[in-house]
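Enquirer: predicted coordinates and the sequence they were generated for:
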Amino acid sequence: EVQLVESGGDLVQPGGSLRLSCAASGFTFSDHYMDWVRQAPGKGLEWVGRTRNKPNGYTTEYAASVKGRFTISRDDSKNALYLQMNSLKTDDTAVYHCARGGGSSPYYMDVWGKGTTVTVSS
Amino acid sequence: DIQMTQSPSSLSASVGDRVTITCRASQGIGGWLAWYQQKPERAPKSLIYATSNLQSGVPSRFSGSGSGTDFTLTISSLQPEDFATYYCQQYGSYPLTFGGGTKVETK
């Protein structure tokens, strides 16, 4: 079964840091682009960023709202995706989902995880 | 950035109704339009990609159409399990952007 499971969400103070993880199983993780998408309480979906696969240099793209503060990385040997979040703001409070890039380029998100909750508050 | 505008933001419908949700992009997106379904406390689920291609396992009562800047998701006969929030997304250019969502509620 194709599965994505996020972890690492927590309560953190403004200005703090947090690292989220996404464990992938049931597919060849290294083949795929991977995304992070978040959803603030009572709001819609917001794309956070993307990492490409090895043939595409593991390059990344970010939303303007997180660029310079968040970093996406991956470890294909562990089938794991990461989101390092620094200088957190209250506006970063959300459920964070990882998602798999599906189809052929350009890639939509064909498989999603249930998410992990990040709360930024003093 | 490409803005995605969905309408309506919510609608009330009954089981068996035909439901149509529209999504308008602020510029052409080359047909790179996806639709997702989300239920409370659940992961979003892919329904349609590239405007009209049905994701594997998705019932055929769901269909997508459109071109240029205007796109539509249609549910031909609403079923009890279809009450949810639906999002469109353009994935042809960065930043990837979602519509604001359409909540389908029971009448």
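Expert: That came through, no problem. Numbering: from 1, shown residues only, chains lettered A, B, ... in the order given.
Enquirer: give the contact list for the residue positioned nearest the centre of chain B.
Expert: The residue lying closest to the centre of chain B (CA atoms, centre = their mean) is B:Trp35, at 3.9 Å. By CB atoms under 8 Å, 6 or more residues apart in numbering or on different chains, the contact set of B:Trp35 is B:23, B:46-48, B:62, B:64, B:73, B:86-89. Every residue, glycine included, has its C-beta placed from N, CA and C.
Enquirer: quick one: end-to-end distance for stretch B:4-13.
Expert: In stretch B:4-13, first residue to last residue: 24 Å (CA to CA, to the nearest Å).
Enquirer: do that stretch and chain A meet?
Expert: No - Stretch B:4-13 stays clear of chain A (CB under 8 Å from any CB of the partner chain), getting no nearer than 9.0 Å.
Enquirer: so what touches that stretch?
Expert: Contact partners of stretch B:4-13, identified using CB under 8 Å, 6+ apart, comprise B:19, B:21-26, B:78, B:86-90, B:97-107.
Enquirer: tell me the spacing between the residue nearest to the centre of chain B and A:Trp36.
Expert: Distance of B:Trp35 to A:Trp36, computed by CB to CB, to the nearest Å: 20 Å.
Enquirer: kindly report the same for A:Ala23.
Expert: Computed as CB to CB, the A:Ala23 to A:Trp36 distance reads 14 Å.
Enquirer: who's more crowded, the two?
Expert: Legend: neighbour count by other CB atoms under 10 Å in any protein chain shown for A:Ala23 and A:Trp36, higher for A:Trp36 (27 against 16).
Enquirer: rebuild the contacts of B:Trp35 as TSV, extending it with pLDDT and secondary structure.
Expert: Output for those, formatted as TSV (pLDDT from 0 to 100; DSSP: H, G, I helix; E, B strand; the rest coil):
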residue	pLDDT	secondary structure
B:Cys23	98	strand
B:Ser46	98	strand
B:Leu47	98	strand
B:Ile48	98	strand
B:Phe62	98	strand
B:Gly64	98	strand
B:Leu73	98	strand
B:Tyr86	98	strand
B:Tyr87	98	strand
B:Cys88	98	strand
B:Gln89	98	strand
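Enquirer: when you check chain A, which of those residues turn up near it?
Expert: Residues of the contacts of B:Trp35 in contact with chain A (CB under 8 Å from any CB): B:46, B:87, B:89.
Enquirer: including neighbour count, could those residues go into JSON lines?
Expert: Converted to JSON lines, those look like this (neighbours: other CB atoms under 10 Å in any protein chain shown):
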{"residue": "B:Ser46", "neighbour count": "24"}
{"residue": "B:Tyr87", "neighbour count": "24"}
{"residue": "B:Gln89", "neighbour count": "24"}
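Enquirer: which residues touch A:His32?
Expert: Listed by CB under 8 Å, 6+ apart, the contact set of A:His32 reads A:53, A:100-102, A:107.
Enquirer: switch the cut-off to 7 Å
Expert: Contacts here follow CB atoms under 7 Å, 6 or more residues apart in numbering or on different chains; on that basis A:His32 touches A:53, A:100-101.
Enquirer: between the residues you listed, which has the most around it?
Expert: A:Arg100 (24 neighbours).
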